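[1] After the sequence you'll find the predicted model.
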Amino acid sequence: MNKLLLILLLFVMNYVQGQQANAHSNKVVLVVHGGAGTILKKNMTPEKEKEYELALKQALEDGYGILSKGGSALDAVEKAVKELEDNPLFNAGKGSVFTNEGKNELDASIMDGKTLAAGAVAGVTNIKNPISAARAVMEKSGHVMMVGKGAEKFAALHGIEIVDPKYFYTEDRWKSFLRVRSTDPDSVELDHSNKSSQVLPVHHDSKFGTVGAVALDSYGNLAAATSTGGMTNKKFGRVGDSPIIGAGTYADNNTCAVSCTGWGEYFIRLVMAKSVCDMMAYKKVTLDEAAYEMIKKRLPDLGGDGGLIAVDKAGNITMPFNTEGMYRGYIQSGGKAVVKIYGD
């Protein structure tokens, strides 16, 4: 009888371990971006190029550290984006640009591909890491988006780090603001493009400053996160695509996770991130095909610039852009970070 019980116990243990193995894959993926636009090697010093590469690698390694230990895609994208928010090189968090009033207004969003839960904040001025506030909105509010003072009060209530608005001041961003104002007080700078808008003048030689991350964890769950400081010299409470679920950020375990960077107004009109997911779901195209259709054809047809990063449920990645460059990188099972800046 004891032998029979022992055999039965071993059978049950093997079965449980087998079920856990089936639910847990060794394949994990993390992709990040730090903005797209007129990024030319001839305009970049070797030292500055190295700074960007190291910053992207650090974000990838931080996020991968979570994924490699069986952590969630949500934790990984939040961690990666926080790393980029804390780096003044990028137009998000610490490196955010200045509004027409000489202030910093930050936006962010995050989405869980498993549940389709999402959270976002917009127009916040004292939250050190807006991406963490966006996650708090998703998990603790029952809402999807909060803006301005209300979002700030909510973040403080839930233990999100609040800082003096002076924390966001950087000399480079302030000089950019003064340069744009001196050239044309009514223009805005998108932080990397050389195109102008028929509706709102856009400063030349600018770039699209946004950071983002998408991930696939070992349980097959997808997540996406995006954060930005918006446009230099923006007015009237302008909000772009970054905090808008479906436009700048989207994730669905059935298809893919997407984070966008570019001329926000066009990404909103195209519902860019959700459109990539929907093309995969309803047109049955690949991730590459869907992303390239949106970025290489539909976006420029409308007059917009930018790019996106995405990962699908199988771990395939894509990083298309229709500008001269995009700060981007990825890391997969094995742990080697790959980063790129310029067009291929």
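    In hand now; what should we look at? Everything numeric in this text was worked out from a predicted model, so none of it was measured. Numbering: from 1, shown residues only.
[2] Where does pLDDT dip in this protein?
    1-25, 185-208 (pLDDT under 70).
[3] hmm, try it at 80
    1-26, 183-209, 344 (pLDDT under 80).
[4] Doesn't residue 58 lie inside a helix?
    Yes: residue state for residue 58 (DSSP: H, G, I helix; E, B strand; the rest coil) corresponds to a helix.
[5] check contacts around the residue lying closest to it once chain neighbours are set aside.
    The shortest distance from residue 58 to any residue other than its chain neighbours is 5.8 Å, reached at residue 83 (C-beta to C-beta, 6 or more residues apart in numbering). C-beta coordinates here come from the backbone N, C-alpha and C atoms, glycine included. Applying C-beta atoms under 8 Å, 6 or more residues apart in numbering, we find residue 83 in contact with 55, 58-59, 62-63.
[6] would you list these in CSV and tack on neighbour count?
    Below are these laid out as CSV (neighbours: other C-beta atoms under 10 Å):
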residue, neighbour count
55, 23
58, 17
59, 30
62, 18
63, 30
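[7] can you redo those residues as CSV with distance to residue 118?
    Below are the contacts of residue 83 laid out as CSV (distance: C-beta to C-beta, whole Å):
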residue, distance to residue 118
55, 26
58, 26
59, 21
62, 23
63, 19
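[8] can you count the residues close to the residue nearest to residue 293 when sequence neighbours are not counted?
    Leaving aside its sequence neighbours, residue 293 sits nearest to residue 279 (C-beta to C-beta, 6+ apart; 6.5 Å). Per other C-beta atoms under 10 Å, the neighbour tally for residue 279 reads 20.
[9] can you confirm residue 279 is in a helix?
    Yes: looking at residue 279 with three-state DSSP, it is inside a helix.
[10] Name the residues that touch stretch 279-293?
    Stretch 279-293 is contacted from outside by 252, 254-256, 258, 275-277, 294, 308, 310-312, 316-318, 320, using C-beta under 8 Å, 6+ apart.
[11] Derive a ChimeraX selection command for the buried subset of those residues.
    If you want just the buried ones from the contacts of stretch 279-293 in ChimeraX, going by 16 or more other C-beta atoms under 10 Å, the selection is:
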select :252,255,256,258,275,276,277,294,308,310,311,312,317,318,320
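[12] out of the contacts of stretch 279-293, which are inside strands?
    256, 258, 308, 310-312, 317-318 (DSSP state E).
[13] What ranges does the stretch 1-150 of the chain have for its helices?
    For the stretch 1-150 of the chain, helices defined by DSSP state H, counting those that start in this stretch occupy the ranges 2-23, 46-67, 73-85, 130-140, 148-157.
[14] Reformat those helices as JSON lines; add distance to residue 94.
    Shown next, in JSON lines, are the helices of the stretch 1-150 of the chain (distance: least, C-beta to C-beta, whole Å):
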{"stretch": "helix 2-23", "distance to residue 94": "38"}
{"stretch": "helix 46-67", "distance to residue 94": "12"}
{"stretch": "helix 73-85", "distance to residue 94": "7"}
{"stretch": "helix 130-140", "distance to residue 94": "11"}
{"stretch": "helix 148-157", "distance to residue 94": "16"}
